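In: need the 3D shape of this:
(chains A and B)
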Amino acid sequence: MSTSIPSRELLEGCSIASPDILIQIAERGSTAADRDAATTTLAASAALRARRAVVTQMVRQNLASLASLLPTSTGERNTVYNVAGGGSWQLPGTLARGQDDPGGTDVGVDQAWQGADTTYRFYSDVLQRDSIDGRGMQLVSSVHYGTAFDNAFWNGTQMVYGDGSGRIFVPGGLTAAIDVIAHELTHGVTQYTAGLAYSKQAGALNESWSDVFGSLVKQYAMSQSVDDADWLIGAGILGTAFTTNKTALRSMKAPGTANDFDRQPSNMSDYLDLPDDDDPRNDHGGVHLNSGIPNRAFYLVATALSGNAWERAGKIWFRALSQGLQSGSDFQAAAEATTAAATELFPDSSEEAGAVQAAWKEVGVL
Amino acid sequence: MKVSVVRGGGVAGLVTVTAVDSAALSPADADTLARMVEEAGVFGGPDVPSAESTPDEFQVSVTIEDGPRRRTVSAAEHNVPSSLRSLVAWVGSAPGRTETVG
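Out: Numbering: from 1, shown residues only, chains lettered A, B, ... in the order given. Sure, this is the predicted structure:
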């Protein structure tokens, strides 16, 4: 089995054993144990500098289970930690709820645990995917990150949730929203499949696929049809900074209408061609803004096909993510990948591929 | 002296600006601000190497203006230099700070 090793640039200065020695052992060590040990050491060092790039690359080279590379592998499926106000260097924190613990002592812990469990079950039951990496990887979440921290994110190996300050998010709001939890977990799935770069159109697709599966997990958990669904991401958790409209973070049905500051476009004619630079205002080229366009495309496909969105539209979108999209895919490539996925999944019917094509035309991509 | 912390991205995809102006602070707080800027070593400090942001992580820019001197340090949230973290935290809870969302 050939093994590709993280690039030397990622490792310099990190470990006592030189990267050269570790690389040689990893590639040509005489026992599997030696090779694995060297590989693990390489990965652990690089993880401090470029966690995500390493993990993605190693998965792509079909290494054995990555569970052993997580900071705290306990052999359980779903674990939640309390980082008690700490920052990134304190992650994951103290184990607060393991797979078989009953919980009941901390609402944020319990919500994060439940949300991860629900998301795991969705991917397993609907898409036959075993966890984020498709190989039963342990789910790790940390709650109470930072102080009054108005954010949740995927850091390359785990989910992290702040408590919210009351300004952007109501306290506790980030773990209360199942779609936010599933959105973050789906960033992990994307990392292990398409690997969409977090920049410009590929980044907007990355964001959109997280919103799509965030919404689908919520709809599945609540047994909602496309007509029952509200197609909102992060509804009911916004804080006092929103004075007039605080409905949700985003609307897939009507991008740009979710809250006072929602500037999402719903069509390519309004695409925001922002640079990917260090300026926070540019958001890596508008990844959270331009995601409105593919979000609306998914909404159109799902409602055209009616019924439960996860049954056809969701499967098409997942196939595109796991088989068609690549790190540099743009919106055009997404239209092609979802059309191909529809044709492959439903070869005896033109309804699905037709709905996909019509949706991308409606949003101005085709 | 003015210090502003701009955050962008995050799961909300919003831009927030938290800023303090020593002219609007109590004399004691203005002194604290000046001391923290000094301790942060911003003027004359090294550039922060770009680190890859992880999905939905904040991107942060800290701008310090002191008379004719002005410096902006930009980093992914997890990569904000430790020398700046105390200053950023202080600005985030300083009485008299302004907070805008957009």
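In: show me chain A divided up by domain.
Out: In terms of domains, chain A is parsed into A:8-64, A:78-176, A:200-362 (source: automatic domain parsing).
In: kindly report the residues of chain B close to chain A.
Out: Residues of chain B found near chain A (C-beta under 8 Å from any C-beta of the partner chain) are B:6-16, B:50-61, B:74-75, B:77-78, B:85, B:89, B:99, B:101-102. Where C-beta positions appear, they are placed from N, C-alpha and C, glycine not excepted.
In: among those, name the buried ones.
Out: Restricting the residues of chain B next to chain A to buried positions leaves B:6-16, B:52-61, B:74-75, B:77-78, B:101, with burial counted as 16 or more other C-beta atoms under 10 Å in any protein chain shown.
In: ok, back up a step: now, the residues of chain B next to chain A that are in strands?
Out: Among those, the subset assigned to strands under DSSP state E consists of B:6-9, B:16, B:58-61, B:74-75, B:99, B:101.
In: closest to chain A among those residues?
Out: Each of those was scored against chain A by C-beta to the nearest C-beta, and residue B:8 proved nearest at 2.8 Å.
In: show me what contacts the residue nearest to the closest one when sequence neighbours are not counted?
Out: If you skip the residues right next to it in sequence, residue B:8 has residue A:280 as its closest partner in space, 2.8 Å away by C-beta to C-beta, 6 or more residues apart in numbering or on different chains. Residues touching residue A:280, when contacts are defined by C-beta atoms under 8 Å, 6 or more residues apart in numbering or on different chains, comprise B:6, B:7, B:8, B:9, B:15, B:58, B:59, B:60, B:61, B:74.
In: in those, find the pair that's most separated.
Out: The distance between the two most remote of those (C-beta to C-beta) is 13.3 Å, for B:15 and B:74.
In: the stretch 101-250 of chain A: strands as residue ranges?
Out: When secondary structure is read from DSSP state E, counting those that start in this stretch, the stretch 101-250 of chain A shows strands at A:139-145, A:152-154, A:159-162, A:232-233, A:250-251.
In: how about residues contacting the fourth one?
Out: Okay, so that is strand A:232-233. Strand A:232-233 is contacted by residues A:179-180, A:183, A:211, A:214-215, A:247-253, A:258 when judged by C-beta under 8 Å, 6+ apart.
In: filter those by proximity to chain B?
Out: Restricting the contacts of strand A:232-233 to those near chain B - C-beta under 8 Å from any C-beta - leaves A:180, A:183, A:249, A:250.
In: surely the first one touches residue A:174?
Out: Yes - under the criterion of C-beta atoms under 8 Å, residue A:180 makes contact with residue A:174 at 5.8 Å.
In: get me the contact residues on the stretch 151-300 of chain A for chain B.
Out: If contacts are counted using C-beta under 8 Å from any C-beta, the residues of the stretch 151-300 of chain A sitting beside chain B are A:151-156, A:167-169, A:174, A:180, A:183-184, A:187, A:190, A:198, A:206-207, A:210, A:234, A:241, A:249-250, A:261, A:278-284, A:287-289.
In: in helices only, show me those residues.
Out: The helices, defined by DSSP state H, take in A:174, A:180, A:183-184, A:187, A:190, A:206-207, A:210, A:283-284, A:287-289 from these.
In: which positions in stretch B:81-97 come out as buried?
Out: Counting neighbours by 16+ other C-beta under 10 Å, the buried set in stretch B:81-97 is B:81, B:84, B:87, B:88, B:90, B:91, B:92, B:94, B:97.
In: next: stretch A:95-111.
Out: Along stretch A:95-111, these residues count as buried under the neighbour rule (16+ other C-beta under 10 Å): A:96, A:97, A:101, A:106, A:108, A:109, A:110, A:111.
In: need the contact list for the fourth one.
Out: This means residue A:106. Contacts of residue A:106 were listed using C-beta under 8 Å, 6+ apart, and they are A:82, A:96, A:97, A:143.
In: what's the closest of these to chain B?
Out: residue A:143 (14.6 Å).
In: what about the closest one, distance to residue A:181?
Out: Taking C-beta to C-beta, to the nearest Å as the criterion, residue A:143 is separated from residue A:181 by 11 Å.
In: so what sits against both of the two?
Out: By the contact definition C-beta under 8 Å, 6+ apart, residue A:143 and residue A:181 are jointly contacted by A:112, A:175.
In: how about the buried residues of stretch A:95-111 in TSV, adding distance to residue A:293 and pLDDT?
Out: Supplementary listing: those in TSV, determined by distance: C-beta to C-beta, whole Å; pLDDT from 0 to 100:
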residue	distance to residue A:293	pLDDT
A:96	39	97
A:97	38	96
A:101	42	92
A:106	39	97
A:108	33	98
A:109	36	98
A:110	36	98
A:111	31	98
